[in-house]
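In: Predicted model and sequence below, questions to follow.
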Amino acid sequence: MSTVKVKVTQVKSLIDRTKRDKATMKALGLGRINRSVVQTATPQFMGMVRAVSHLVRVEEVKD
């Protein structure tokens, strides 16, 4: 059974964003434009991504 991995890249700045958005981005491991992280697509992780979807780009990673 293969787990799905996703690559999340920050595409917009955190300037003038809410504290909640900034905290979510920090929890995702992001904080600078064009920084990326690759993680397993768990429901918890995808919920955080959905909360800041206006700031990030999401791509599925092939193994």
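Out: Looks like it came in fine.
In: Show me what the helix or strand hosting Gly47 packs onto, helices and strands only.
Out: Using DSSP states H and E, Gly47 falls within helix 43-51. Helix 43-51 sits against strand 5-10, helix 19-28, with contacts defined as 3 or more Cβ pairs under 8 Å, 6 or more residues apart in numbering; DSSP states H and E. Heads up, the C-betas are built off the backbone N, CA and C, glycines and all.
In: Can you name the residues in contact with it?
Out: Identification of contacts with helix 43-51 by Cβ atoms under 8 Å, 6 or more residues apart in numbering yields 6, 8, 20-21, 24, 27-28, 39, 56, 58.
In: same check, this time on stretch 28-35
Out: 8-14, 25, 37, 39, 45, 48-49, 52, 56.
In: For those, I'd like a selection string for PyMOL - just the buried members, please.
Out: Listed next is the PyMOL selection for buried residues among the contacts of stretch 28-35, using 16 or more other Cβ atoms under 10 Å:
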select buried, resi 8+9+10+14+25+39+45+48+49+52+56
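In: Let me know the closest of the contacts of stretch 28-35 to Asp63.
Out: Of all these, Gln39 has the smallest distance to Asp63: 13.7 Å, by Cβ to Cβ.
In: out of the helices and strands packed on helix 43-51, nearest to Asp63?
Out: Ranked by Cβ to Cβ, the member of those that lies closest to Asp63 is strand 5-10, at 7.2 Å.
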